[in-house]
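Q: Coordinates only, no sequence provided:
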């Protein structure tokens, strides 16, 4: 049996039996919430491109943990500010892939960039830290919804199935670990995309790795692909993606396109491929029942 087949079977078995082998997180008690009297909004948080496992001159697993703690604090600070004027009871999280960096030398990184191997990337860092984050969110929001699409760094190789992906393993383990908690729901996509509905607005979620760049600039590829997806995927109002490590927001053809930042700093990929430094941030959105996206806020991860 080829090693590719063995890895695919192991990944499939991990996902299949996640419900049986994952320790359960106990139900979380909601804090007392005091809201303002305005129109209710939903918070939407884009999370992607943690790249856990790679090390640079300014990034490693310890920095990842620090930055996630800072992200959590800052989201709650923004929440407190908004609740002075209007209710915010619901959090929607878009997990957009590339949560870990993989360990395949030459394809994803050089040997001197690898800090920890895949099983530590997944089970020591990504899953426990996301579990702690969701517990904290459940203390502060009445409900949490998590929509998941996979990235390219989680793929074992081009010879494996697209679902043989480390992101998918993380998503299924998280889903299983919160099976006792009624206030959180996970939606894990079987394809490269997913559409999330908030009020009557539709958000198309993709990682972004299938979009080609032209002259090392992604916007022509993104805008043309979005126009084609309107016909092939169906109607949507907003597009959220990761992958490019550089924050951007653009209104185009009646759609709003938002690209998330990254946790990774001093990223050689961004400098070499785009000529840009990474946007070390994640994106928080507000969604109003009538206006759609009411604000776009960068949550900075550095001091």
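A: Great, that's in hand. Note that the coordinates shown come from a computational prediction; the quantities given were computed from them, not determined experimentally.

Q: could you pull out the helices for the chain?
A: Assigned by DSSP state H, the helices in the chain fall at 3-16, 18-21, 61-83, 118-120, 127-140, 166-177, 219-232, 268-269.

Q: Now do the longest one: which elements does it pack against?
A: Right, helix 61-83. With contacts defined as 3 or more CB pairs under 8 Å, 6 or more residues apart in numbering; DSSP states H and E, the secondary structure elements packing on helix 61-83 are strand 41-47, helix 127-140, strand 281-288, strand 292-300. From N, CA and C alone the C-beta is placed, and that goes for glycine too.

Q: Quick one: closest of these to residue 237.
A: Shortest distance between residue 237 and those, using CB to CB, is found for strand 292-300: 6.4 Å.

Q: Summarise which helices and strands that closest one is packed against.
A: Strand 292-300 sits against helix 61-83, strand 255-259, strand 281-288, with contacts defined as 3+ CB pairs under 8 Å, 6+ apart.

Q: how about residue 31, what does it touch?
A: 139, 140 (CB atoms under 8 Å, 6 or more residues apart in numbering).

Q: And it, its phi and psi?
A: Listed backbone geometry of residue 31 is phi -70, psi 160, with angles given as degrees, to the nearest 10.

Q: returning to that earlier point: would you mind finding the most buried of the helices of the chain?
A: Between the helices of the chain, the one whose residues have the most neighbours on average, counting mean count of other CB atoms under 10 Å, is helix 166-177 (a mean of 24).

Q: What's the mean pLDDT across it?
A: Here the mean pLDDT over helix 166-177 is 93, rounded to a whole number.

Q: what does that helix contact?
A: The set of residues that contact helix 166-177 without belonging to it, under CB under 8 Å, 6+ apart, is 11, 14-15, 18-19, 22-25, 95, 97-100, 102, 118, 121-122, 126-127, 130-131, 134, 146, 148-151, 153-156, 186, 188.

Q: coming back round to it: could I get the helices and strands packed on helix 61-83 in a markdown table, plus columns for mean pLDDT and distance to residue 81?
A: What follows is the helices and strands packed on helix 61-83, written out as a markdown table (pLDDT from 0 to 100; distance: least, CB to CB, whole Å):
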| stretch | mean pLDDT | distance to residue 81 |
| --- | --- | --- |
| strand 41-47 | 98 | 12 |
| helix 127-140 | 97 | 13 |
| strand 281-288 | 98 | 11 |
| strand 292-300 | 97 | 10 |
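
Q: Adding distance to residue 249, write these out as a markdown table.
A: Supplementary listing: the helices and strands packed on helix 61-83 in a markdown table, determined by distance: least, CB to CB, whole Å:
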| stretch | distance to residue 249 |
| --- | --- |
| strand 41-47 | 11 |
| helix 127-140 | 24 |
| strand 281-288 | 8 |
| strand 292-300 | 5 |
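
Q: Ok, which of those comes nearest residue 182?
A: When the helices and strands packed on helix 61-83 are ranked by distance to residue 182, counting by CB to CB, first place goes to helix 127-140 at 10.2 Å.

Q: what's in contact with the closest one?
A: Residues external to helix 127-140 that are found in contact with it (CB under 8 Å, 6+ apart): 25, 28-31, 33, 64-65, 68, 71-72, 75-76, 79, 91, 93, 99, 144, 146, 170, 173-174, 177-178, 181, 183-184.
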